[in-house]
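Colleague: Need a 3D model of the following:
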Amino acid sequence: MSYVGRFAPSPTGPLHIGSLATAVASFLHARQASGEWLVRIEDIDPPREVPGAADEILRTLETYELCWDGSIVYQSARRSVYEAACSRLLTAGAAFRCSCSRSALRTDNDGPAGRYPGTCRAKTRHEHATAVRVRVEPRTERFIDGLQGPIEAQLDVTTGDYVVWRRDGLPAYHLAVVVDDADQRVTTVVRGVDLLDSTAVHLHLQRTLGLPSPAYFHVPVVVNADGQKLSKQTGAAAVDRSEPQRTAAAVLGMLGARIPSDLAGAAPRELWAWAAANWRIDGLRGRRELRLPAAV
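Modeller: As a prediction, this is how the structure comes out:
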């Protein structure tokens, strides 16, 4: 099967250096396999999205010469596809409607924080808006991550029945990403290790929907001087587009590449070509964090 990778940012703000590093790792891994590299905009959460952020993200990728294959997929245009998948789950009895509010769940839950206690599993009538949850039975989800090694999770203990359609009428991240990866024939997902805990849910949902499971590589996230993951919440600055040569070299350095002196000041396209031949993602094996260089 031909390699198909993807980079799937949410337009909640511009790309920061951490998300650019993930994009570069994903791009290089695809190019080393002579595979396709797709870009998908995960814009299914309007309350969190920043106007213009999607275009800003794409312009940054263009500035850094991270050339994607095919057309951009926008999740906001695929609502009917997610609705159909959700209906399949309900019809098959693999999912149920849940009218529990977050405050009610906090009150009713005597298990681990965030674990759904099964309140609406047998409920057939609801007076309030409902979410849709997928039933989780006792089972250990096992997979081998390409960088983080063997992983085990028991969803019935950690999350319980998880949401695939939100009470506010929006498709949930888990459903959209699983459906899209299958529809786009994605074979390999390279993403941040902060999403590692979601993988067991995705494997469960893929199996429930009868969809294939890609291989996963969870790369370390970039952290600031205080050890906090770079994000909008921690004040991460947008990637500087004025000096792409310098920033591209810094990103490769964070990913463990030792760039030869004759490529000092080279354009991103030249750096990616060199890295595709000389850098290997295996150098990130077992790592959870990358430190942000002071100069970036």
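Colleague: per-residue confidence at Ala113?
Modeller: Ala113 carries a pLDDT value of 68.
Colleague: Going by residue numbers, what spans are helices in the stretch 101-250 of the chain?
Modeller: 102-108, 155-158, 173-183, 198-209, 244-254 (DSSP state H, counting those that start in this stretch).
Colleague: Least confident secondary structure element in this structure?
Modeller: In the chain, no helix or strand scores lower on mean pLDDT, DSSP states H and E than helix 102-108, which sits at a mean of 71.
Colleague: so for stretch 128-138, what's the average pLDDT?
Modeller: Rounded mean pLDDT across stretch 128-138 is 96.
Colleague: In contact with Ala131, which residues?
Modeller: Going by Cβ atoms under 8 Å, 6 or more residues apart in numbering, Ala131 touches 97-100, 163, 165-167. (C-beta placed from N, C-alpha, C; glycine too.)
Colleague: Give me the spatial nearest neighbour of it, chain neighbours excluded.
Modeller: Arg167 (4.5 Å; Cβ to Cβ, 6 or more residues apart in numbering).
Colleague: What separation do you get for that neighbour and Tyr82?
Modeller: 15 Å (Cβ to Cβ, to the nearest Å).
Colleague: So for those two, which residue has more residues nearby?
Modeller: Tyr82 (21 against 17; other Cβ atoms under 10 Å).
Colleague: which residues does the nearest residue to the more buried one once chain neighbours are set aside form a beta bridge with?
Modeller: Of all residues beyond its chain neighbours, the one nearest Tyr82 is Pro171 (4.0 Å), with distances taken as Cβ to Cβ, 6+ apart. Beta-bridge partners recorded for Pro171 (DSSP bridges): Trp165.
Colleague: so Pro171 makes contact with Val163?
Modeller: No. Applying Cβ atoms under 8 Å, one finds Pro171 not in contact with Val163, separated by 9.8 Å.
Colleague: Identify the contacts common to those two.
Modeller: With Cβ under 8 Å, 6+ apart, Pro171 and Val163 have no common neighbours.
Colleague: more crowded one of the two?
Modeller: Pro171 (25 against 20).
Colleague: Contacts only, for the more buried one.
Modeller: 44, 75, 79, 82-83, 86, 164-165 are the contacts of Pro171 under Cβ under 8 Å, 6+ apart.
Colleague: Any stretches of the stretch 101-250 of the chain with poor pLDDT?
Modeller: 106-113, 232, 234-235 (pLDDT under 70).
Colleague: Noted, bye for now.
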